[in-house]
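1. any chance you can model this:
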Amino acid sequence: MGTVFSFDIRDRPTPEVRDALAEAVAWLHHVDAVFSTYRPDSAISRMARGYMGVSDCPPEVAEVLTLCERAAVTTDGWFSHTPGGRLDPSGLVKGWATEHASQILYDAGARNTCVNGGGDLQLRGEPTPGSAWRIGIAHPLRPGHLLTVVVGRDLAVATSGTAERGHHILDPHTGLPATSLASVTVTGRHLTEVDAYATALFAMGDAPTRTWTRAHSGYETLLVTTAGTVWESDHFPAARHDNSPTHQGG
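-> The predicted structure follows:
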């Protein structure tokens, strides 16, 4: 999927957990083979070229496309799996794949984990007893600096922005790159939705993102405009006076 995945497992490395880690890694390779837009032989690339239909694809494709359609409804069309008129569910697939990998570990007994898919994270449990995970969010306009530190347990964190790839997210209503924001970080319980919503809110821009966040309980947002204005929702789980993050996000 053109990015790096990592696993931080704080539970005892039982044989079951080791086997689950191998299964999670194999799962991510499978997802890459099916959904990668970088691979011309992937199912999603072949669908985009009209060589395959949904019924010809692995069952995960129908699942992902259904989730994409739901995200489009929830965001009033600001999430799209056909940006620019081409099939590309990448705005949801990475979070969905990462959350599923986290679930594989959980089902095997690993209850305290951080699975990081290219800076988007699914957190479970605690890194150490009595403490929360701490996630450093990169400042999109100040390379090498942190914008804030997110703290939480059983939390999903996703960031969409320009720091790594420039203005690559399209406004689905115009087909042009969305350029009013530098980054959006969204938190919630499930990375599948959080990842998709981060993409959609980045396309929305400043004022609509604030309105959407206030209308959707369970999700918190931190945004930075290209002019440098920073806004966070009322309950965004940011640490105060904390400069020692456990992981780097966004």
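2. which residues touch the closest residue to Arg10 other than its chain neighbours?
-> Once flanking residues are discounted, Arg10 sits nearest to Asn112: 4.1 Å by CB to CB, 6 or more residues apart in numbering. (Each C-beta comes from the backbone N, C-alpha and C, glycine too.) Asn112 makes contacts with Ile9, Arg10, Asp11, Arg124, Gly125, Glu126, Pro127, as judged by CB atoms under 8 Å, 6 or more residues apart in numbering.
3. how about the residues you listed in CSV, adding pLDDT and distance to Ser217?
-> Output for the contacts of Asn112, formatted as CSV (pLDDT from 0 to 100; distance: CB to CB, whole Å):
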residue, pLDDT, distance to Ser217
Ile9, 98, 31
Arg10, 98, 30
Asp11, 97, 31
Arg124, 98, 22
Gly125, 98, 23
Glu126, 97, 24
Pro127, 97, 27
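4. rewinding a little: so for the residue nearest to Arg10, what's the pLDDT?
-> For Asn112, the pLDDT comes out at 98.
5. return stretch 116-131 as PDB; C-alpha atoms alone will do.
-> The C-alpha trace of stretch 116-131 is given here as PDB (Å, rounded to 0.1, in the frame of the first residue of the first chain):
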ATOM      1  CA  ASN A 116       0.600   1.600  13.100                       C
ATOM      2  CA  GLY A 117      -0.300   1.700   9.500                       C
ATOM      3  CA  GLY A 118       1.700   4.600   7.900                       C
ATOM      4  CA  GLY A 119       1.000   6.900  10.900                       C
ATOM      5  CA  ASP A 120      -2.600   5.900  11.400                       C
ATOM      6  CA  LEU A 121      -2.900   3.800  14.600                       C
ATOM      7  CA  GLN A 122      -5.300   1.400  16.300                       C
ATOM      8  CA  LEU A 123      -4.500   1.300  20.000                       C
ATOM      9  CA  ARG A 124      -5.700  -1.300  22.500                       C
ATOM     10  CA  GLY A 125      -5.200  -1.500  26.300                       C
ATOM     11  CA  GLU A 126      -2.200   0.100  27.800                       C
ATOM     12  CA  PRO A 127       1.600   0.300  27.100                       C
ATOM     13  CA  THR A 128       2.300  -0.300  30.800                       C
ATOM     14  CA  PRO A 129      -0.200  -1.000  33.600                       C
ATOM     15  CA  GLY A 130      -1.900   2.200  34.600                       C
ATOM     16  CA  SER A 131      -0.600   4.400  31.700                       C
END
